[in-house]
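Novice: what follows is a protein structure lacking sequence information:
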């Protein structure tokens with residue numbers, strides 16, 4: 001078999017040899033082992049690597065990094081075609097899948113939620129701080 005060089009940017013095939021809660025180990029050509037970090041397993045949020053990969057799976061991976069100790073960082077996600085990002089407002093609804101919000105949508109939702117939480121927090125803090133807080137009898141004069 002022709003030995004493929006493990007270089008940053010190259011695409012190689014390997015076998016999943018182990019799965020942890022932070023990623024999957026893959027044996028590469030030449031007996032080297034690399035790690036697909038959980039954030040590089042798929043283009044969607046990955047709660048559990050086992051939902052996407054299992055031991056002995058054959059996977060195509062892109063080499064992201066090789067450090068000076070020989071640790072190899074891999075990605076499956078970067079081989080998948082990127083989800084369409086820019087859309088015109090009129091064709092947004094047609095191609096919009098459930099739960100696929102644009103970054104702007106997510107940001108505005110986050111800011112709205114954040115404002116609501118802050119308002120609740122202030123309201124709670126003020127009620128604890130203010131006057132006698134409605135607790136017990138009147139204040140002693």
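Specialist: That came through, no problem. Everything quoted here is computed from the prediction, not taken from an experiment.

Novice: what are the ranges of the helices in the protein?
Specialist: Here the chain has its helices, by DSSP state H, at 89-95, 103-129.

Novice: so which of those gets nearest residue 67?
Specialist: Minimum separation from residue 67 across the helices of the chain (C-beta to C-beta) falls at helix 103-129, 30.5 Å. The way it works is simple: take the backbone N, C-alpha and C, and place the C-beta from them, glycine included.

Novice: average pLDDT for the closest one?
Specialist: If you average the pLDDT over helix 103-129, you get 80.

Novice: deepest-packed of the helices of the chain, please.
Specialist: helix 103-129 (a mean of 10; mean count of other C-beta atoms under 10 Å).

Novice: and that helix, how far from the chain's centre?
Specialist: Here the centre of helix 103-129 is set off from its chain's centre by 24 Å, with C-alpha atoms, centre = their mean, to the nearest Å.

Novice: run through the neighbouring helices and strands of that helix.
Specialist: Judged by 3 or more C-beta pairs under 8 Å, 6 or more residues apart in numbering; DSSP states H and E, helix 103-129 is in contact with no other helix or strand.

Novice: okay, the helices of the chain in JSON lines with distance to residue 32 next?
Specialist: What follows is the helices of the chain, written out as JSON lines (distance: least, C-beta to C-beta, whole Å):
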{"stretch": "helix 89-95", "distance to residue 32": "40"}
{"stretch": "helix 103-129", "distance to residue 32": "36"}
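
Novice: which among the ones you listed is found nearest to residue 49?
Specialist: helix 103-129 (23.8 Å).

Novice: in this structure, where is pLDDT below threshold?
Specialist: The chain contains residues with pLDDT under 70 at 1-4, 82-100, 128-141.

Novice: sorry, back to before: nearest to residue 50, of the helices of the chain?
Specialist: Across the helices of the chain, residue 50 has its closest neighbour in helix 103-129 (26.7 Å, C-beta to C-beta).

Novice: what is the burial count for the residue nearest to residue 15 when sequence neighbours are not counted?
Specialist: In space, residue 15 comes closest to residue 27 once its chain neighbours are excluded; the distance is 5.0 Å by C-beta to C-beta, 6 or more residues apart in numbering. Neighbour count of residue 27, defined by other C-beta atoms under 10 Å: 14.

Novice: that's all I had, so thanks and see you.
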